[in-house]
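Trainee: Based on what follows, work out the 3D shape:
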Amino acid sequence: MSAMGNYAPIVLFVYNRPEHTRRTVEALRANCLAPQSRLFVFSDAPKDDGARSAVEEVRRYVASIDGFASVELFKQNVNQGLAASVIAGVTRFAEECGRVIVLEDDLLTSPYFLDYMNEGLELYKEDEEVASVQAHMFPLKGGILPRSFFLPVTGSWGWGAWSRSWRLFNPDAKYLLGEIRRRGLSRAFDLNHSYPYIRLLDRQAAGKIDSWAIRWYASTFLLNKISLFPASSFVKNTGFDGSGVHCGRSDPEHFNTSIVSNYTELGRVVPEVNKRIVEDFQKSLREVSWGMSLFSKLKRIVLFPLSR
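Mentor: Residues are numbered from 1 along each chain as shown. So this is what the prediction gives:
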C-alpha cells in the first residue's frame with residue numbers, strides 16, 4: 001500500500017445525470033481511504049440546450065461534495081464528448097501524479113474499492129508488462145479463482161493506470177486496426193471470437209463511434225500488456241436504465257454483479273495470464289455476445305463506452 005499522502009488521485013467524469021453522480025460519490029465517500037484521497041471531477045459542457053439544466057445541477061452538487069482530502073471541479077465550456085474528456089483528464093493527472101484512478105458517473109463502488117485500487121497500483125508499479133488495474137469482474141463460470149489475476153484485456157468500469165502505461169495509449173484507430181490485421185491478430189484481439197472488439201475498432205477507425213477504451217485496449221494488446229482483475233467485483237454499473245448512451249434499459253445477468261463487502265489484502269502474484277481463467281473469461285463473454293444482436297452489441301457495449 002502507498003504511504004500516507006501518496007494515494008492515487010481519483011478522476012471522475014460526469015455529465016448530465018445528477019442522481020447517478022450523487023450515488024457514485026456517496027458510495028465512493030464510504031471508502032475508508034476517501035478522506036486521504038483527492039477527487040478531481042471533470043464536467044463536460046452540455047451538448048445542447050436540453051442538457052443544460054441537468055449539467056448545471058450536477059455541477060452544483062459537485063461543488064457541495066465533502067469527505068475527501070480535496071475536491072476540485074473542472075468545467076468545460078464546450079462539449080468535448082466522453083472520449084476526449086477521459087483522454088485529457090487521465091493524461092493530465094497520470095503525468096502530474098504518476099498514477100490515477102478513473103471512474104464515470106454511473107459506477108457504484110465497494111467500500112473497499114480504494115483499498116484494492118491503491119494496493120494494486122502500488123504492487124505492480126514497476127512491472128512494465130502490467131498496463132492497468134481493473135475493478136470490475138462479472139461472474140466467471142469455472143473453478144475457484146484466486147483473489148486477483150491477470151487477463152490480456154483492459155476495461156472501463158473503474159480502473160487505474162500509471163503514467164508509464166498510459167503513455168502507451170495511441171489515439172490513432174486506423175493505425176491500431178491496420179497493425180492488428182497486418183499481424184493476423186484479429187482473432188486474438190477478439191479473444192478467440194468471444195466479443196466483437198475488432199468491429200468496434202473498425203467502427204472507431206471509420207468515425208462511426210468515439211471510444212477511448214477500444215483504443216486503449218488495442219494499444220495495450222499490440223504491446224502484449226496485461227491487466228490485473230479481481231475475482232469479485234469492486235464496482236457495479238447503474239447505467240442500464242436508459243439514462244446513458246452506452247447501455248440499454250435492461251440489466252444483463254452477467255453485469256448485475258454484487259460488489260465486495262469485505263477485504264483481504266491482495267498480496268503480489270506473478271504478472272502472467274492463467275490459461276484456464278482466460279478460457280472462463282472467454283466463455284462468459286460469448287454468453288453476453290450470443291444474447292445480443294450485432295446492432296445491440298455495438299450500441300450497448302459495456303466494456304468499452306462509445307461516445308456521449
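Trainee: and for the helix or strand containing E56, what are the contacting residues?
Mentor: Per DSSP states H and E, E56 falls inside helix 49-63. Helix 49-63 is contacted from outside by 14-18, 21-22, 25, 41, 43-46, 71, 73, 75, 105, using Cβ atoms under 8 Å, 6 or more residues apart in numbering. Where C-beta positions appear, they are placed from N, C-alpha and C, glycine not excepted.
Trainee: can you pull the buried residues of that helix?
Mentor: By neighbour count on 16 or more other Cβ atoms under 10 Å, the buried set for helix 49-63 is 51, 54-55, 57-59, 61-62.
Trainee: can you dump the C-alpha coordinates of it into CSV?
Mentor: The C-alpha coordinates for helix 49-63 follow below in CSV (Å, rounded to 0.1, in the frame of the first residue of the first chain):
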residue,chain,number,x,y,z
ASP,A,49,-29.9,23.3,-24.5
GLY,A,50,-31.8,20.2,-23.5
ALA,A,51,-28.9,19.0,-21.3
ARG,A,52,-28.0,22.4,-19.8
SER,A,53,-30.2,22.3,-16.7
ALA,A,54,-29.0,18.8,-15.7
VAL,A,55,-25.4,19.7,-16.3
GLU,A,56,-25.8,22.7,-14.1
GLU,A,57,-27.5,20.6,-11.4
VAL,A,58,-24.6,18.1,-11.5
ARG,A,59,-22.1,21.0,-11.1
ARG,A,60,-23.9,22.5,-8.1
TYR,A,61,-23.9,19.1,-6.5
VAL,A,62,-20.2,18.6,-7.1
ALA,A,63,-19.5,22.0,-5.6
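Trainee: For that helix, the averaged confidence score.
Mentor: Taken as a whole, helix 49-63 has an average pLDDT of 98.
Trainee: With stretch 286-294 instead?
Mentor: Stretch 286-294 comes out at a mean pLDDT of 63.
Trainee: Can you name the element that comes right after the helix holding E56?
Mentor: Next in sequence after helix 49-63, counting helices and strands by DSSP H and E, comes strand 70-75.
Trainee: and that next one, which strands flank it?
Mentor: strand 38-43 (parallel) (DSSP bridges).
Trainee: List the contacts of the partner strand.
Mentor: Strand 38-43 is contacted from outside by 7, 9-15, 28, 55, 58-59, 62, 65, 68-76, 85, 88-89, 93, using Cβ under 8 Å, 6+ apart.
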